[in-house]
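Peer 1: build the 3D model from these lines:
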Amino acid sequence: MRQCVFVIGTPEQVPELGPLLEQARGSGLRFSVWVTAEQPVDAALTGVKASIVAPQRAAPRSLLARILYWVPVTAYRFYNYVHGVRMWTTKSPLIVVHGNSLSTWIASRAGRWGGGQLVHLQHTPASRPAQHRIMKKARFAFCDAREEAALSSRYPGCTVVGVDVDESASSRTIVESLLRWTGGKGSSD
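Peer 2: This next block holds a predicted model:
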């Protein structure tokens, strides 16, 4: 069974995805959480019981230092992490990207370079609109059910799953789809 790596852009999104991560943990999905935030995250405050990889130092304040130091270091660390997961499990992991920030985009690129397959997750209203740079490279995507047909026609190489963002059952649908895509047991078993 393949592993999922949830990539989260900001510290505020970690508790937002808490119900989804708890559902994933309860279903037996193998996953870890990579927070690409520019500020360190206190794992005790998130309320998520998972393997959380977070930055240990804040990003530099100047734009030049951020471009020359923080961006390449973040990309290299995530590339190494995904490549290590791929070597350890002998299967390409699913990189579940949530957020539309620069750090999320960098992590999605590094994850693909490391051998992972992208899954774009925009199951909450706050994560809209879908970022074109991530969606065009994604293998799978979760979106609002009303946007499913439009995204399927715009990105034909991507398997798009529509979920109702206002329902609590959307977490179950997402976890069952991830289980099916990773080779674990799904709802059809």
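
Peer 1: quick one, phi psi at residue 5?
Peer 2: Backbone torsions of residue 5, given as degrees, to the nearest 10, read phi -120, psi 110.

Peer 1: offset the numbering so it begins at 845, please.
Peer 2: Sounds good: first residue 845 from here, last item residue 849.

Peer 1: gap between it and residue 934?
Peer 2: Going from residue 849 to residue 934 by C-beta to C-beta, to the nearest Å gives 16 Å. For every residue, glycine as well, the C-beta is placed using N, CA and C.

Peer 1: so these two - more neighbours on which side?
Peer 2: residue 849 (25 against 7; other C-beta atoms under 10 Å).

Peer 1: which neighbouring elements make contact with the host helix or strand of residue 863?
Peer 2: Per DSSP states H and E, residue 863 falls inside helix 862-871. Here helix 862-871 touches strand 875-879, helix 1014-1026, going by 3 or more C-beta pairs under 8 Å, 6 or more residues apart in numbering; DSSP states H and E.

Peer 1: worst average pLDDT in these?
Peer 2: For those, mean pLDDT drops lowest on strand 875-879, to a mean of 81.

Peer 1: now do the buried residues in it.
Peer 2: Buried residues in strand 875-879, defined by neighbour count with 16 or more other C-beta atoms under 10 Å: 875, 877-879.

Peer 1: how about stretch 914-930?
Peer 2: Neighbour counts over stretch 914-930 (16+ other C-beta under 10 Å) mark 914, 918-919, 921-923, 925-927, 929-930 as buried.

Peer 1: for those, which one is nearest residue 957?
Peer 2: Proximity of the buried residues of stretch 914-930 to residue 957 (C-beta to C-beta) peaks at residue 923, which lies at 5.5 Å.

Peer 1: okay, the angle between the strand or helix carrying that closest one and strand 875-879?
Peer 2: For residue 923, the element it lies in under DSSP H and E is helix 915-933. Helix 915-933 runs at 170 degrees relative to strand 875-879, counting by axes from the mean of the first three to the mean of the last three C-alpha atoms, to 10 degrees.

Peer 1: can you lay out the buried residues of strand 875-879 as TSV showing distance to residue 867?
Peer 2: As requested, those are exported to TSV (distance: C-beta to C-beta, whole Å):
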residue	distance to residue 867
875	11
877	14
878	19
879	19
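
Peer 1: report the helix or strand with the lowest average pLDDT across the chain.
Peer 2: Lowest mean confidence among the helices and strands of the chain (mean pLDDT, DSSP states H and E): helix 887-890, at a mean of 48.

Peer 1: which one of the helices and strands packed on helix 862-871 is the most hemmed in?
Peer 2: Mean neighbour count (mean count of other C-beta atoms under 10 Å) peaks for strand 875-879 among the helices and strands packed on helix 862-871, with a mean of 21.
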